[in-house]
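**Q** Sequence plus the predicted model coming up.
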Number of protein chains: 2
Amino acid sequence: MSALPQLKDFDKFSVVHGFIPDFGATSLAASASVKRIKAGETLYVEGDDAPFCYQMISGVAKEYNTLEDGRRQVADFYGVGELFGISELTEQLHTAEAITDCAVRCFPREKFLRAVETNPVLSHRFVGALMTRLHRSRERMVMLGRMNAVQRTASFLLRLAEEQEKATDIQFLMSRQDIADHLGLTIETVCRTLTELKKKGLILMPVARLFSILDEEGLEGIAHGAAGLR
Amino acid sequence: MSALPQLKDFDKFSVVHGFIPDFGATSLAASASVKRIKAGETLYVEGDDAPFCYQMISGVAKEYNTLEDGRRQVADFYGVGELFGISELTEQLHTAEAITDCAVRCFPREKFLRAVETNPVLSHRFVGALMTRLHRSRERMVMLGRMNAVQRTASFLLRLAEEQEKATDIQFLMSRQDIADHLGLTIETVCRTLTELKKKGLILMPVARLFSILDEEGLEGIAHGAAGLR
DNA sequence: CGTTGTTTTGAGTTTTCTCAACATGTGTGG
DNA sequence: CCACACATGTTGAGAAAACTCAAAACAACG
């Protein structure tokens, strides 16, 4: 029924096996530069000219859009190996901001796109990355459009666990506000929901930025719409 | 019923408007076949094997995901010329269902991807299509995550107007349920919101499946979060 | 230790949803 | 062409979910 196959596995596999985004190991490497930014700094802002596209070398960043009234929607978080900041326009459509200190590889946009078009291996990798990204944003549309607060939160926790490949001592690298802006909720609702999951014994959260999953099936049940807890 | 170009119009249409990515005019043309499906039939179902990817020749289809409890999220609507049903997996991630009778060009998936990788022109078009798609789904994340019912509806109406390139006698090709499933609302909320826009004199809606925009700035103001009407 | 920023909890309000009834349309067979 | 059945769309009333505003608890940091 539901259960969009998780692409996380694929991403991880690809990064580890150099099968995706080893965009640095080609002719592109020469024209790429490395930039370091501190936590909280922006790499680019919505509407900026977009002379580069980026690959995360270390650290985590968030990519978001801002509405007139200041509300934000965090489209995605990018970790090591991930490619971001590319669009068909020469203008950035989002704002990217470092969550932790980051090092990013910067590829000149035009050169990058040209290389992709003419190099079958690169093309394969890039198209794969784009499709993965698309798949991910589709999953998030389902979450935002059709899940309630508990479901959104539960599935987010499971995603973090999967990304960090563990079930205990999983880190929240982002703030509650970032989580809220990603899940389409308010910060208060995120807090309340986490507390609820804690009270029901599904997770452990000794401090705000760290949690462990106590009942994975339970969490999955909730994420996938089990009644009872909603 | 449907005012979309029918199959007979397609040749003329695609020739005149070069805007359709002409995936058919290459070596791929030979291996592509055309399939016709009736309104309401599915082209593929989530989880199916995905031997093909598709380009709409005539008609309109919707692509959606279903949750355990039957709730649906319509990710996108596809009209003439659009490419859909491609992912990096050999399995369909969504369900595609015809809204009107449709004719679709079917490309064998593997052959298609191979052609894209090795042909710079095709690669350029395909990458462009993917990036556009990605951009679109990002916009929808903002809508689903951070807009209220009136804003979602107003921006949807503006989108339809833009797609159909007119401000009067714009058709709803899809049902209220489809709209609701796309906007992440219930059918009742969509109705109420449309009625509200009508009462405020922003749109005209003589019959359920047809509307005209009376006050475009007003609608845009609402879509972009103007206070007053919310 | 105070200061500042982040997270959590509480109380009351607003929005959207649910359930139910009613209206409008469309299509079919008599 | 009418009558009936069935699908689709609209409206209303009350319930539920999430939001807002406000305050308190907790952490991090100089």
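**A** Structure received.

**Q** alpha carbons only for contacts and neighbour counts from here, please
**A** OK.

**Q** DNA strand D contacts on chain A?
**A** Within chain A, the residues that sit near DNA strand D (CA under 7 Å from any atom of the strand) are A:147-150, A:184-186, A:188-189, A:207, A:230.

**Q** Tell me which two in the residues you listed are the farthest apart.
**A** A:147 and A:207 (26.5 Å; CA to CA).

**Q** Which of these two has more residues huddled nearby?
**A** Per other CA atoms under 10 Å in any protein chain shown, whichever of residue A:147 and residue A:207 has more neighbours is residue A:147, with 23 against 7.

**Q** wait, what's in contact with the more buried one?
**A** Contact partners of residue A:147, counting by CA atoms under 8 Å, 6 or more residues apart in numbering or on different chains, are residue A:225.

**Q** So for it, what's the pLDDT?
**A** At residue A:147, the pLDDT value in this model is 97.

**Q** among the residues of chain A next to DNA strand D, which are in reach of DNA strand C?
**A** Subset of the residues of chain A next to DNA strand D in contact with DNA strand C: A:188-189, A:207, counting by CA under 7 Å from any atom of the strand.

**Q** Which of these sits closest to DNA strand C?
**A** residue A:188 (4.3 Å; CA to the nearest atom of the strand).

**Q** What is the subsequent helix or strand relative to the helix or strand of chain A with the lowest mean pLDDT?
**A** Ranked by mean pLDDT, DSSP states H and E, the weakest helix or strand in chain A is helix A:8-16, scoring a mean of 38. The helix or strand immediately downstream of helix A:8-16 is helix A:28-31, counting by DSSP states H and E.

**Q** got a list of contacts for that following helix?
**A** Contacts with helix A:28-31, where a contact means CA under 8 Å, 6+ apart, come from A:23, A:107-108, A:111-112, A:115.

**Q** Check stretch A:74-91 too.
**A** In contact with stretch A:74-91 (CA under 8 Å, 6+ apart) are residues A:15, A:21, A:46-65, A:92-94, A:96, A:109, A:129, A:137, A:178, A:181-183, B:128, B:131-132, B:135, B:138, B:141-142.

**Q** Span of it from start to end?
**A** 18 Å (CA to CA, to the nearest Å).

**Q** number of nearby residues for residue A:71?
**A** As a measure of burial, residue A:71 has 15 neighbours, counting by other CA under 10 Å.

**Q** For the closest residue to it other than its chain neighbours, list the residues it contacts.
**A** Spatial nearest neighbour of residue A:71, excluding adjacent residues (CA to CA, 6 or more residues apart in numbering or on different chains): residue B:146 at 7.0 Å. Residue B:146 makes contacts with A:71-73, A:184, as judged by CA under 8 Å, 6+ apart.

**Q** Please name the bridge partners of residue A:96.
**A** residue A:44, residue A:63 (DSSP bridges).

**Q** Tally up the residues packed near it, please.
**A** Residue A:96: 25 neighbours (other CA under 10 Å).

**Q** what sits against it?
**A** Here residue A:96 is in contact with A:42-45, A:61-64, A:85 (CA under 8 Å, 6+ apart).

**Q** do the same with residue A:152
**A** A:143-144, A:183, A:223 are the contacts of residue A:152 under CA under 8 Å, 6+ apart.

**Q** which of these has the most neighbours?
**A** Counting by other CA under 10 Å, top hit in these: residue A:183 with 28 neighbours.

**Q** Against chain B, how distant is that one?
**A** 7 Å (CA to the nearest CA, to the nearest Å).

**Q** Which of the ones next to DNA strand C among the residues of chain A next to DNA strand D sits closest to chain B?
**A** Nearest to chain B among these: residue A:189, at 13.7 Å, using CA to the nearest CA.

**Q** what residues are up against the closest one?
**A** Per CA under 8 Å, 6+ apart, neighbours of residue A:189: A:149, A:180.

**Q** Which pLDDT value goes with it?
**A** Residue A:189 carries a pLDDT score of 98 in this model.

**Q** Which of the three states applies to it?
**A** helix (DSSP: H, G, I helix; E, B strand; the rest coil).

**Q** any idea how far it lies from residue A:206?
**A** In terms of CA to CA, residue A:189 sits 19 Å off from residue A:206.

**Q** centroid residue for chain A?
**A** Per CA atoms, centre = their mean, the C-alpha nearest to the average position across chain A is that of residue A:77, at 2.7 Å.

**Q** for that residue, which residues make a bridge with it?
**A** Residue A:77 has these beta-bridge partners by DSSP bridges: residue A:62.

**Q** Now the buried members of the contacts of stretch A:74-91.
**A** A:15, A:21, A:46, A:50-65, A:92-94, A:96, A:109, A:129, A:137, A:178, A:181-183, B:128, B:131, B:135, B:138, B:141-142 (16 or more other CA atoms under 10 Å in any protein chain shown).

**Q** In chain A, where is pLDDT below threshold?
**A** Low-confidence segments of chain A, defined by pLDDT under 70: A:1-27, A:226-230.

**Q** which residue ranges form the strands in it?
**A** A:33-37, A:42-44, A:52-58, A:61-66, A:72-78, A:83-84, A:95-98, A:102-108, A:170-171, A:203-207, A:210-213 (DSSP state E).

**Q** Can you add distance to residue B:32 and give those strands back as JSON lines?
**A** Formatted as JSON lines, the strands of chain A follow (distance: least, CA to CA, whole Å):
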{"stretch": "strand A:33-37", "distance to residue B:32": "43"}
{"stretch": "strand A:42-44", "distance to residue B:32": "42"}
{"stretch": "strand A:52-58", "distance to residue B:32": "34"}
{"stretch": "strand A:61-66", "distance to residue B:32": "38"}
{"stretch": "strand A:72-78", "distance to residue B:32": "35"}
{"stretch": "strand A:83-84", "distance to residue B:32": "32"}
{"stretch": "strand A:95-98", "distance to residue B:32": "40"}
{"stretch": "strand A:102-108", "distance to residue B:32": "36"}
{"stretch": "strand A:170-171", "distance to residue B:32": "48"}
{"stretch": "strand A:203-207", "distance to residue B:32": "51"}
{"stretch": "strand A:210-213", "distance to residue B:32": "49"}
